[in-house]
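> I'd like to go over a predicted model; first the sequence, then the structure.
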Amino acid sequence: MKHLLRLVPYLKKHKRTLYIGLLTVLLSNLFAVFVPLIIGSTIDQLKKEPSSWKLLEYAALVVSATFLSGFFTFMTRQTIIVTSRRIEYDLRNDFYAHIQRLSFSYFLNMPTGDLMAHGTNDIAAVRNVLGPGIMYTSDTIVGFVMVISIMFSIDVRLTLYSLIPLPFVSAGVYYLGKLVNRHFESVQAQYSEMTARAQESVAGIRVVRSYVREDHENEQFRFMSLGYLKKNLTLAQIQSLLWPLMGILTGAATVIVIWRGGLDVIVNSLSLGTMVSFLIYLGMLTWPLIAFGWVVNIFQRGAASMGRLNKIFDTQPEIKDHEDIDRSVNEIHGVISFRGVSFRFPSKEDYALRNINLEIEKGMTLAIVGKTGTGKSTIVNLIPRLFDTTSGEVLIDGFPTREIPLDVLRRNIGYVQQETFLFSDTIANNIAYGVEIATPEEIQWAARVSQIYKDIESFPKGFDTVVGERGITLSGGQKQRVGIARAIIRKPKILILDEALSAVDTYTEEEILKGLKDVMKDRTSIIISHRISTVKDADMIVVLDDGVIAESGKHDELVMQNGIYADLYNRQLLEEELQRM
């Protein structure tokens, strides 16, 4: 239950409403416990002096007490249950905001479907603790105390007889509660795996169909779904023992009271009306005992779910603003320095980059080329601090990036990554995603520069065309050009194009590069590409090989060196000649 302690601040935020809810619980039970006393008095009174007026008077009292009890029960739900929904709203927002702050590396090993399961099923289970859990716990305790107190005031000995099964109830609830907690964790874990599998299958539907793997995916999901079913059935079987156990034990208490109380009525040591009242109170005691088992079940489920959520909440972002950041830095100009930078991913032993030293002046265009897996993307990921260096440091305008506020750093960088991600929204909104406000003219300007304008104009709804999930309705080249438009509309001080032109033809590439010349004129630009035609006009070209800078210089200089760059250039020339034949 210690996992639930994280909910205390949420409860404090709504403590006034919760206090009112607890007051209504008290009043609801207070009026409810009057009913058996009235009924018992009615039976004894009618036995002594039968009267229709007296009967109506007692009936009116019963109706009034029941009405008031029901009204305050309604108010209980309007306060406690409504508050639980508000806390659920706060918790879900905090969960989503925390995920947004986590470092890029966290998502490398965390399936999307798993996070979706946490944000739906687990938070719903926690809400049940805050709503029904609190409501029925308070109702059970208050009702139990009131009823037991009145029963003791009626007949101590008879009350003690009725409580004989109680220790067995407690033992059964404790044992079954532990089983419920363990199996519910297993159920939630299976649900996460199943959700992750379904999300991946739907997201990769093109691959699934291209390789004719629909039956395979159906079978895999059926197998996981069957496992989820079996675990749920096991959990249901354990839970199904709880209610019959409560019923048997409370039934045993009723039998004991009827036997012992009946003997007292026979010898006139207990009135019939009091005996009836006592039985009604025993019946009222049955619900708190049963509710106790149900509440334990809710708390066990909630604790298991909150434990899973806490693992995410307790994960702190590796990339964040530290205490030593320089708040005076509110803009950057674009001078970039790599000084002895080495980097390796946490899950790997080999270094992706080793001893990188680079000086990139403001307004310079730097091109990075190299074979696949040589660290080209890794080196540019260090600039906006998607990762931090293992050793050495990256500086911008003379300030280490760790000392620059993250929002300032990233707001001044336009980054087009290898895989362009588009949201299921209009093209206009996808282009304007990185800015607070963008006019139609600015959106169109960015589209023209990236050479996507004509394509958009040919769509039925133009810029208001809604692309599918991940931009599935667009071609690879169109998605890349929308990504370029999204980057340049920000007018960033540093522009990074990571294989951003790989999916477009050479003619479109030339047109885009022409349009980007004016954009890149006063901006520091870094272009990663495997095409020599894309990088040949750069101010400086760096060749990466196995995580180190193997060559650097301008296009003509590197060709003359007859090294890696020259080999790559000659190969592409040969490919072009073969294509012309």
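The structure has been received and is ready for your questions. Residues are numbered from 1 along each chain as shown.
> center of the chain, which residue is that?
Central residue of the chain (CA atoms, centre = their mean): residue 119, 3.8 Å from the mean position.
> ok, it - contacts?
92, 95-96 (CB atoms under 8 Å, 6 or more residues apart in numbering). No exception for glycine: its C-beta is placed from N, CA and C like everyone else's.
> any of those buried? List them.
Among the contacts of residue 119, those classed as buried by 16 or more other CB atoms under 10 Å are 92, 95.
> restricted to helices, list the contacts of residue 119.
92, 95-96 (DSSP state H).
> so where is the stretch 451-581 of the chain shaky, pLDDT-wise?
Regions of the stretch 451-581 of the chain meeting the criterion pLDDT under 70 cover residues 576-581.
> any chance you could map the helices in it?
With helices called from DSSP state H, counting those that start in this stretch, the stretch 451-581 of the chain shows them at 453-458, 476-488, 506-520, 532-535, 555-561, 564-580.
> in JSON lines: those helices, plus distance to residue 16 and mean neighbour count.
Below are those laid out as JSON lines (distance: least, CB to CB, whole Å; neighbours: other CB atoms under 10 Å):
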{"stretch": "helix 453-458", "distance to residue 16": "53", "mean neighbour count": "15"}
{"stretch": "helix 476-488", "distance to residue 16": "46", "mean neighbour count": "24"}
{"stretch": "helix 506-520", "distance to residue 16": "56", "mean neighbour count": "16"}
{"stretch": "helix 532-535", "distance to residue 16": "63", "mean neighbour count": "20"}
{"stretch": "helix 555-561", "distance to residue 16": "71", "mean neighbour count": "15"}
{"stretch": "helix 564-580", "distance to residue 16": "70", "mean neighbour count": "12"}
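> export those to a markdown table and tack on distance to residue 109?
Output for those, formatted as a markdown table (distance: least, CB to CB, whole Å):
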| stretch | distance to residue 109 |
| --- | --- |
| helix 453-458 | 37 |
| helix 476-488 | 25 |
| helix 506-520 | 35 |
| helix 532-535 | 33 |
| helix 555-561 | 38 |
| helix 564-580 | 33 |
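> quick one: closest of the ones you listed to residue 261.
Among the helices of the stretch 451-581 of the chain, the nearest to residue 261 by CB to CB is helix 476-488 (79.5 Å).
> closest to residue 435 out of the ones in helices among the contacts of residue 119?
Nearest member of these to residue 435, counting by CB to CB, is residue 96, at 22.1 Å.
> tell me the confidence at the nearest residue to the closest one once chain neighbours are set aside?
Closest residue to residue 96 apart from its sequence neighbours, by CB to CB, 6 or more residues apart in numbering: residue 119 at 6.9 Å. Looking at residue 119, its pLDDT stands at 83.
> ok, residue 412 next?
90.
> now the helices for the stretch 301-450 of the chain?
So, for the stretch 301-450 of the chain - with DSSP H, counting those that start in this stretch - the helices run 376-381, 406-411, 427-431, 440-449.
> so which of these comes closest to residue 465?
Comparing the helices of the stretch 301-450 of the chain by CB to CB, helix 427-431 comes nearest, at 5.4 Å.
> so which elements touch that closest one?
Helices and strands touching helix 427-431, by 3 or more CB pairs under 8 Å, 6 or more residues apart in numbering; DSSP states H and E, are helix 440-449, helix 476-488.
> contacts for it next, please.
422-423, 438, 440, 443, 446-447, 456, 459, 462-465, 467, 471, 482, 485-486, 489.
> phi, psi of the residue nearest to the centre of the chain?
phi -80, psi -10 (degrees, to the nearest 10).
> in the protein, which helix or strand is least confident?
The helix or strand of the chain with the lowest confidence, counting by mean pLDDT, DSSP states H and E, is helix 205-210 at a mean of 72.
> ok, back up a step: how close does the residue nearest to residue 96 get to residue 228?
Residue 119 sits 18 Å away from residue 228, taking CB to CB, to the nearest Å as the criterion.
> next: residue 335.
55 Å.
> again with residue 352
39 Å.
> for residue 383, same thing?
44 Å.
> got it, and residue 234?
The value you get for residue 234 to residue 228, if CB to CB is used, is 11 Å.
> domain map for the protein?
Using automatic domain parsing, the domain parsing of the chain gives 2-313, 326-405+520-581.
> between those, which gets the lowest average pLDDT?
Minimum mean pLDDT among those: domain 2-313, a mean of 82.
> correct me, but residue 199 touches residue 116?
Yes: using CB atoms under 8 Å, residue 199 is in contact with residue 116, at 6.7 Å.
> give me the contact list for stretch 454-466.
With CB under 8 Å, 6+ apart, stretch 454-466 has contacts from 424-428, 431, 440, 443-444, 447, 473, 478, 481.
> sounds good, over and out.
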